[in-house]
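S.K.: Here you go, sequence then predicted model.
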Amino acid sequence: MLRSLGQRPVTGSDEDPRVSELRTAVSRLRRELAALPADFPDRAIAEDELAALAAMASGGAPEVPRLRSSLLLIAGAIGSVSALAGGLRGVREAVELFGEPMQRG
């Protein structure tokens, strides 16, 4: 269990809990996207950017501007697919753990 946001887990793991949260959220959205039978024009973009986020999460401390850029591309690619809204929200929340929340307009 985490004592507070930004602190290391007390289980002895030295992994940043934000990275763990990002990895979990990305994995969930990738599974949801893979299970979606419908094809849509920007599916490949979403898949590529989710793969990029997964790679960043496995590589340690990701670059915040790159995280946000990938999130915007994913949101633009799958934003109208309501079945993926929960997974997309999870990824957005995980990205926001790395800094100030993105401006919504």
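M.R.: Received, thanks. Remember, it's a predicted structure, so these values are computed and weren't measured experimentally. Numbering: from 1, shown residues only.

S.K.: need the next SSE after whichever helix in the chain runs longest, C-terminal direction.
M.R.: The helix that spans the most residues within the chain, counting by DSSP state H, is helix 17-35. Downstream of helix 17-35, the next assigned helix or strand under DSSP states H and E is helix 43-58.

S.K.: what's the angle between that following helix and helix 17-35?
M.R.: Interaxial angle of helix 43-58 relative to helix 17-35 (axes from the mean of the first three to the mean of the last three Cα atoms, to 10 degrees): 150 degrees.

S.K.: so what secondary structure elements neighbour the helix or strand following helix 43-58?
M.R.: With elements assigned by DSSP H and E, the helix or strand that comes after helix 43-58 is helix 64-78. Here helix 64-78 touches helix 17-35, helix 43-58, helix 85-96, going by 3 or more Cβ pairs under 8 Å, 6 or more residues apart in numbering; DSSP states H and E. All C-beta atoms are positioned from the backbone trio N, CA, C, and that covers glycine.
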